[in-house]
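> sequence isn't available, so here's the structure alone:
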């Protein structure tokens, strides 16, 4: 059950990464649509121009196509965010094609500087050079705008509402894609780093506790052995102290194992500070403001409204922008809370003020299509976007011909796609940033559980054997110093093994051998006064299968030592004809169980069940008449070799 919960948690944490694979495609589609929309605007301007001959229009169209191709090469970068080969030359060529044709086609060419501003942000290094290039493009747009539309308001509109908007939008979309790629590439690195920190913390704690006790026992082992032969009476006191240290080490190991089993106690790992959520949110707000505000303000300024109506206009525009930003900031469920009401309020703010202002002044309805793309779903979204894209056809604000209608539909859809791409990519970046931390927390929780399992499985047997050997040495210290010394020597060997296990637990689970573990179990159980029969014939097993079965045997032998009154024990392991390896441990020392106090299988059995289920195996344990039977079954299809 626990392993299933962990797998479900990991699958849930990995969910957003599936969407991350589509981020570069979405960014390319959005940039392509925005580029196509501006290209179409330039094309319409050329077609409608009365000052250009057919030949001049053909030349201008060819140059426009070349400029669009350069923009696509410079701004639609590889998925890794690298700059295209020869970018300095293509950026210089884009700059030339942005400004030189203005000498001949200034009435139709002024809208292309935004793409150059975006390319400067994406290609120049370091960041201050990129932003300097961006500002230089905006500064150059001021005299260009004044030459085409000789008013400060119109020139500023070209700078803010076109060049700055397009440049930041291109930069944001490409930058968000790079950010998503970086988050995807480093999600496992963060998890691995947090797991490494957890291992280090665990190793320090374990070494300071269990390791210190074992080190003291091993360190004075030779002195104890010599004392048993020369001064048995004095050695008895030393043996008693060693026995208490061994019991203390075993108690500490159990405490650590159960403490680290509590995976919910693991604090969420700290995540390195990155400019993800906040910087992305700021950039999104700036772009949305630049998208909405310049057009109505530009029209308002040229109209002679009273101060009261101008104040009303400012309040309504502020409310529309604030609500728009709110609606374009999805919550965890994908859309903001009460989005139906906020969307309805947005529609009302777009059209009710037309009672006071004319259609050209209050033109924010042009931006509702983007909101519909973000908030609505299914066929309703398609229908709403189609209806809202024809906004100007109903009101007749700017369109006078069929070509004008088509241009305004393209204009609305282009900005709608920009809003949708910006919101979706920013939301995906936010989700990935949060999920990366969650994924790291899941890995840390899994590692903490592994610590507890490995402590229990690896150290339980050797520490129990150490305590047993210390007890036997203490028992025989007065009557038979030689036998006591032999028991103590075997106990010290177990202490050294336990000390080695302390070093390996934090670093990962090591391979074990069922055959070797069977020999060790026979020696320890025999020393405890049992008659032990061992029949293990499994040949060569895959290292994973061999390790799990050895762990099952170690846990079973530990339980026999701790919890039974057995006098006989049988250990058998064989391979059935279907390739399933069966390990069985039977003892005759079943103790009465207080079923009212039973809470299910203990930590050791739960750990073994999880390990076996991971290999497609199973575990059964329980009374069998007067005996207790522990049986593990695991398929071993790759028998016949062993991994080194």
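Now that the structure is in, tell me what you want to look at. Just so it is clear, the model here is predicted, and its values are computed rather than measured.
> please enumerate the strands of the stretch 501-644 of the chain.
All strands of the stretch 501-644 of the chain, identified by DSSP state E, counting those that start in this stretch, fall at 531-537, 568-575, 580-587, 618-624, 627-635.
> in TSV: those strands, plus mean neighbour count.
(Each C-beta comes from the backbone N, C-alpha and C, glycine too.) Listed next are these as TSV, based on neighbours: other C-beta atoms under 10 Å:
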stretch	mean neighbour count
strand 531-537	14
strand 568-575	18
strand 580-587	21
strand 618-624	14
strand 627-635	20
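> tell me which of those strands sits nearest to residue 323.
When these are compared by C-beta to C-beta, strand 618-624 sits nearest residue 323, at 59.0 Å.
> that older thread, out of the strands of the stretch 501-644 of the chain, nearest to residue 114?
So among the strands of the stretch 501-644 of the chain, strand 627-635 is nearest, using C-beta to C-beta, at 63.4 Å.
> the closest one: partners in the sheet, and parallel or antiparallel?
Sheet pairing of strand 627-635 (DSSP bridges) gives strand 580-587 (antiparallel), strand 618-624 (antiparallel).
> tell me which of these sits nearest to residue 128.
Residue 128 lies closest, by C-beta to C-beta, to one member of the strands paired with strand 627-635: strand 618-624, at 63.2 Å.
> circling back to that earlier point, in a markdown table, list the strands of the stretch 501-644 of the chain along with distance to residue 514 and mean pLDDT.
Conversion of the strands of the stretch 501-644 of the chain to a markdown table gives the following (distance: least, C-beta to C-beta, whole Å; pLDDT from 0 to 100):
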| stretch | distance to residue 514 | mean pLDDT |
| --- | --- | --- |
| strand 531-537 | 6 | 91 |
| strand 568-575 | 6 | 92 |
| strand 580-587 | 7 | 92 |
| strand 618-624 | 15 | 86 |
| strand 627-635 | 10 | 90 |
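> let's verify residue 386: helix, strand, or coil?
Residue 386 falls in the helix class when you classify it by DSSP: H, G, I helix; E, B strand; the rest coil.
> circling back: for residue 606, which of the strands paired with strand 627-635 is the nearest?
Using C-beta to C-beta, the nearest of those to residue 606 is strand 618-624, at 9.8 Å.
> mind listing residues that contact the closest one?
With contact meaning C-beta atoms under 8 Å, 6 or more residues apart in numbering, strand 618-624 is reached by 552, 586, 590, 601, 605, 608-609, 612, 628-634.
> which one of these is nearest to residue 378?
Closest to residue 378, out of all of those and judged by C-beta to C-beta, is residue 609, at 45.0 Å.
> quick check: that closest one vs residue 44, distance?
From residue 609 across to residue 44, the span is 71 Å (C-beta to C-beta, to the nearest Å).
> more neighbours, the two?
Using other C-beta atoms under 10 Å as the criterion, residue 609 and residue 44 rank with residue 609 on top: 21 against 18.
> tell me the bridge partners for the residue nearest to the more buried one when sequence neighbours are not counted.
Using C-beta to C-beta, 6 or more residues apart in numbering and skipping the chain neighbours, the partner closest in space to residue 609 is residue 619 (5.1 Å). Beta-bridge partners of residue 619, counted by DSSP bridges, are residue 632.
> could you report the neighbour count for residue 409?
Counted with other C-beta under 10 Å, residue 409 comes out at 18.
> what's the answer for the one 3 residues further on, then?
Residue 412 has 23 neighbouring residues, counting by other C-beta under 10 Å.
> and for residue 614?
Considering only other C-beta under 10 Å, residue 614 is surrounded by 12 other residues.
> that one and residue 40: what is the separation?
Where residue 40 is concerned, residue 614 sits at a distance of 58 Å (C-beta to C-beta).
> again, but for residue 542
Computed as C-beta to C-beta, the residue 542 to residue 40 distance reads 63 Å.
> these two: which is more packed in?
residue 542 (19 against 15).
> that one contacts residue 636, doesn't it?
Yes - counting by C-beta atoms under 8 Å, residue 636 is a contact partner of residue 542 at 6.3 Å.
> could you dump the strands of the stretch 501-644 of the chain into TSV with distance to residue 160 added?
Output for those, formatted as TSV (distance: least, C-beta to C-beta, whole Å):
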stretch	distance to residue 160
strand 531-537	81
strand 568-575	78
strand 580-587	74
strand 618-624	69
strand 627-635	69
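> relative to residue 371, which of these is closest?
With C-beta to C-beta as the measure, strand 618-624 is the member of those nearest residue 371 (55.7 Å).
> how near is residue 322 to residue 102?
Relative to residue 102, and taking C-beta to C-beta, residue 322 is found at 37 Å.
> tell me which of those two has more neighbours.
Using other C-beta under 10 Å as the criterion, residue 322 and residue 102 rank with residue 102 on top: 17 against 11.
> how about that one: what's its closest non-neighbour residue?
Spatial nearest neighbour of residue 102, excluding adjacent residues (C-beta to C-beta, 6+ apart): residue 109 at 4.8 Å.
> show me what the mean pLDDT comes to for the helix or strand in which that neighbour is found.
Using DSSP states H and E, residue 109 falls within helix 102-109. Mean pLDDT, helix 102-109: 76.
> tell me the buried residues in it?
Buried residues in helix 102-109, defined by neighbour count with 16 or more other C-beta atoms under 10 Å: 102, 105, 107, 108, 109.
> and which of those residues is nearest to residue 62?
Using C-beta to C-beta, residue 105 comes nearest to residue 62 of those, at 11.6 Å.
> pretty sure the closest one contacts residue 58?
No - counting by C-beta under 8 Å, residue 105 stays clear of residue 58, with 11.8 Å between them.
> hang on, the earlier thing: mind putting the buried residues of helix 102-109 in a markdown table, distance to residue 94 included?
Shown next, in a markdown table, are the buried residues of helix 102-109 (distance: C-beta to C-beta, whole Å):
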| residue | distance to residue 94 |
| --- | --- |
| 102 | 14 |
| 105 | 16 |
| 107 | 21 |
| 108 | 18 |
| 109 | 13 |
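> wait, which of those is closest to residue 304?
Nearest to residue 304 among the buried residues of helix 102-109, with distances taken as C-beta to C-beta, is residue 107, at 27.2 Å.
> ok, residue 422 - contacts?
By C-beta under 8 Å, 6+ apart, the contact set of residue 422 is 30, 169, 172, 173, 176, 284, 287, 288, 328.
> picking up where we left off before, the strands paired with strand 627-635: which one's closest to residue 126?
Closest among the strands paired with strand 627-635, once you apply C-beta to C-beta, is strand 618-624, at 59.6 Å.
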